[in-house]
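Trainee: Sequence first, predicted coordinates after that:
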Amino acid sequence: MRWSQLGFGRTSSTSRAQSTPRNLFGFKDSTNNLKAEDLCTLREHVWVQPGDGPSWMAGGSYLVGRRIRMHIEIWDRTLLAEQEAIARRVKGSGAPLGQLDEFDEADLHVRGGADGRLTIPTDAHIRLASAESLGVVRILRRGYNFVDGSDGHGHLDAGLFFLCFTRDPHRQFVPMQHALSTQDAMMEYLEHNGSALFACPPGVRPGGHWGDTLL
């Protein structure tokens with residue numbers, strides 16, 4: 001082993017039997033994550049299919065990892081109304097603004113107020129990461145929180161160790177990350193300081209061993 005990152009508490013649910021956890025900003029995270037029960041959706045977005053690339057990856061998946069430091073002290077000094085305006089979710093229930101329940105679908109086209117502005121603006125995290133904005137592209141999130149002490153200046157070195165599985169990172173993750181990094185209002189509170197991409201071969205079959213499709 002060359003490197004490791006200690007994490008705790010999943011930051012996304014991957015089954016309908018789980019409740020949605022909260023991240024270190026106090027918001028429910030990855031409400032619309034793929035679920036283990038959605039086998040057809042997983043096959044479409046997570047598992048590499050024959051013909052996608054190298055034959056040894058068929059049945060496997062690509063893992064994207066990013067260490068994202070969250071500037072918690074600055075976020076905690078921000079008014080609740082501004083936090084919800086950035087996340088575009090109600091902090092308590094997790095519902096998209098304008099909706100009642102956490103799992104209500106966010107309407108990206110609804111407008112409100114006297115000026116008719118979009119309820120979920122163009123720089124909202126929930127809009128930029130949505131499948132609708134990304135051409136129906138989806139990923140399976142499996143991240144963790146981390147706290148690695150302080151930075152020597154009285155601030156926590158803490159945040160999200162983002163992990164996701166994709167069938168094709170160039171088609172799925174890269175467009176999402178580009179949109180978030182250039183437009184997301186939440187980026188004011190985040191600092192990306194580590195990134196990696198891993199190829200994960202398919203699982204072990206009876207009589208086989210890890211990576212036997214490659215080795």
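Mentor: Everything's here; your move.

Trainee: can you tell me which residue is nearest the centre of the protein?
Mentor: The residue lying closest to the centre of the chain (Cα atoms, centre = their mean) is Arg141, at 5.1 Å.

Trainee: Could you tell me the phi and psi values at that residue?
Mentor: In terms of degrees, to the nearest 10, the main-chain angles of Arg141 are phi -90, psi 140.

Trainee: Any figure for the gap between the closest residue to it other than its chain neighbours and Arg111?
Mentor: The shortest distance from Arg141 to any non-neighbouring residue, by Cβ to Cβ, 6 or more residues apart in numbering, is to Ser12 (4.1 Å). For the C-beta atoms, the positions are set from N, CA and C on the backbone; glycine is no exception. Distance of Ser12 to Arg111, given as Cβ to Cβ, to the nearest Å: 30 Å.

Trainee: Who has more neighbours out of those two?
Mentor: Using other Cβ atoms under 10 Å, the more surrounded residue of Ser12 and Arg111 is Ser12, with 23 against 11.

Trainee: Go ahead and confirm the more buried one touches Pro21.
Mentor: Yes. With contact defined as Cβ atoms under 8 Å, Ser12 and Pro21 form a contacting pair (7.0 Å).

Trainee: Show me the longest helix that occurs in the protein.
Mentor: Looking across the chain with DSSP state H, the single longest helix is helix 173-183.

Trainee: which regions of this structure sit below the pLDDT cut-off?
Mentor: 113-114 (pLDDT under 70).

Trainee: Show me where it has its helices.
Mentor: Secondary structure of the chain by DSSP H: the helices cover 39-45, 72-76, 80-87, 125-128, 173-183.

Trainee: Of these, flag the one that's most buried.
Mentor: Burial of these is given as mean neighbour count (mean count of other Cβ atoms under 10 Å); helix 125-128 ranks first at a mean of 20.

Trainee: Tell me which other helices or strands that helix touches.
Mentor: helix 80-87, helix 173-183 (3 or more Cβ pairs under 8 Å, 6 or more residues apart in numbering; DSSP states H and E).

Trainee: What would the longest one look like as PDB? C-alpha coordinates only.
Mentor: Right, helix 173-183. Output of helix 173-183 as PDB, limited to C-alpha atoms (Å, rounded to 0.1, in the frame of the first residue of the first chain):
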ATOM      1  CA  PHE A 173     -17.500  12.200 -14.400                       C
ATOM      2  CA  VAL A 174     -15.400  14.700 -16.400                       C
ATOM      3  CA  PRO A 175     -18.400  16.700 -17.700                       C
ATOM      4  CA  MET A 176     -19.900  16.800 -14.200                       C
ATOM      5  CA  GLN A 177     -16.600  18.000 -12.600                       C
ATOM      6  CA  HIS A 178     -16.100  20.600 -15.300                       C
ATOM      7  CA  ALA A 179     -19.600  22.100 -14.700                       C
ATOM      8  CA  LEU A 180     -19.100  22.100 -11.000                       C
ATOM      9  CA  SER A 181     -15.600  23.600 -11.000                       C
ATOM     10  CA  THR A 182     -16.500  26.500 -13.300                       C
ATOM     11  CA  GLN A 183     -20.000  27.400 -12.300                       C
END
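
Trainee: So what touches it?
Mentor: Helix 173-183 is touched from outside by 64, 122-123, 125, 128-129, 133-135, 137, 139, 164, 166, 187, 192, with contacts defined as Cβ atoms under 8 Å, 6 or more residues apart in numbering.
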